[in-house]
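> I would like the atomic coordinates for the input below:
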Amino acid sequence: MTIAAESRGPGPALVASLEASLKERAQRPALAPAPAPALDTQAADQLAATMRLVKAARFNAAERLERKEAVSLFTQSMVALYFVGLAVWQAVYFGEIDPATNRLMTFLQLVSSVFTLMLGLLEAMNDYKMKAHHLHNCALAVSELAQELKIARPADPREVQEFRRRYSEALKACPVNHNRIDYVFAKLDGTGDRAAFGLVYARYLLNVYALYALFLAVPPLLWWVHQ
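Next up, the predicted model:
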C-alpha cells in the first residue's frame, strides 16, 4: 500500500500550491534596471560655453574690422575728391576768386592731401582686411571645435584636456586677438539689457566711425567757418 501510494505522485494540494506560486511569480512586475551613474560633464560644458563666447567675440571683431576697412577706403576717396575738386575749381575760376578765398582753398588742399597720406598710412599699418580674415578663420575653427565638444560631452578629464589643448592651439594659430569691446558685445548679446547694450553699441560706433568722420568733416567745416 505504501509503495502504491508513492507511485501515484504528488497530491492535488501540492500541485495546486505550485501552480499558485508560479502564477503569483508571473504576475510580479519586473524589477527595473539600476540607473546608470550620472556623468560629470561640468568641465566640458564650461569649456564649450567659453568656446562659444570667444567664437562670437572673434566673429564680431572680424565684422568690425571689415567695416573699418570699408569706411577707411570711402574716406580716402572722399578726401582725395576734396583735394582734386578744389584744385579744379581754382584752375577753372583762376583770376575770379578773391585772394582770401584762394588762400583758404590752397590751405584746404594741403589739409586734404595730409589727411589722404595719414589715411593711407593707417590703412597700411593696421591691415584691417588681413586681420579680419585671420579672426574669421579662427572663429570658424573654434565654432567647429565647440560643436564637436557639445556632441561628445566627455566626462573623462583626459578627454576634456585634449579638447582644451586643441582650443588653445586654435587661438595660438591666429596672429591677432579681438578687442574687449568685441567680447563685451558677444557677452551682452541676448541678455536683454538694453541700457548696457546701448552703451556698448555707442562705443562700437565711435571705434569704427569716429576717426573717419573727423577726417571727412574738417575740410567742409573749415570752409563753413570762413564763410
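> how close does the residue positioned nearest the centre of the chain get to V218?
Taking Cα atoms, centre = their mean, the centroid of the chain lies closest to A56, which sits 1.4 Å from it. Distance, A56 to V218, using Cβ to Cβ, to the nearest Å: 36 Å. Just so you know, the C-beta spots here come from the backbone N, C-alpha and C atoms, and that holds for glycine as well.
> does the residue nearest to the centre of the chain count as helix, strand or coil?
Following DSSP: H, G, I helix; E, B strand; the rest coil, the label given to A56 is helix.
> pLDDT at it, what is it?
For A56, the model assigns a pLDDT of 95.
> Setting the sequence-adjacent residues aside, check what's closest to it.
A186 (3.6 Å; Cβ to Cβ, 6 or more residues apart in numbering).
> Pretty sure that neighbour sits against N60.
Yes: taking Cβ atoms under 8 Å as the definition, A186 is a contact partner of N60 at 5.7 Å.
> Could you measure from D127 over to P175?
D127 is 11 Å from P175, by Cβ to Cβ.
> When those two are compared, which one has more neighbours?
Legend: neighbour count by other Cβ atoms under 10 Å for D127 and P175, higher for D127 (14 against 10).
> got a pLDDT number for the more buried one?
89.
> go on, R25?
Value for R25, per-residue pLDDT: 58.
> buried ones in stretch 175-191?
For stretch 175-191, the neighbour count (16 or more other Cβ atoms under 10 Å) marks 176-179, 181-186, 188 as buried.
> How about stretch 198-210?
For stretch 198-210, by 16+ other Cβ under 10 Å, it's 200, 204, 208.
> CA atoms only for it, dumped as PDB, please.
C-alpha atoms of stretch 198-210 as PDB (Å, rounded to 0.1, in the frame of the first residue of the first chain):
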ATOM      1  CA  GLY A 198      23.200 100.700 -26.000                       C
ATOM      2  CA  LEU A 199      26.300 101.900 -24.200                       C
ATOM      3  CA  VAL A 200      28.500  99.300 -25.800                       C
ATOM      4  CA  TYR A 201      26.900  99.900 -29.200                       C
ATOM      5  CA  ALA A 202      27.800 103.600 -28.900                       C
ATOM      6  CA  ARG A 203      31.400 102.700 -28.100                       C
ATOM      7  CA  TYR A 204      31.300 100.400 -31.100                       C
ATOM      8  CA  LEU A 205      30.200 103.200 -33.400                       C
ATOM      9  CA  LEU A 206      32.900 105.500 -32.100                       C
ATOM     10  CA  ASN A 207      35.500 102.900 -32.600                       C
ATOM     11  CA  VAL A 208      34.500 102.300 -36.200                       C
ATOM     12  CA  TYR A 209      33.400 105.700 -37.500                       C
ATOM     13  CA  ALA A 210      34.700 108.500 -35.200                       C
END
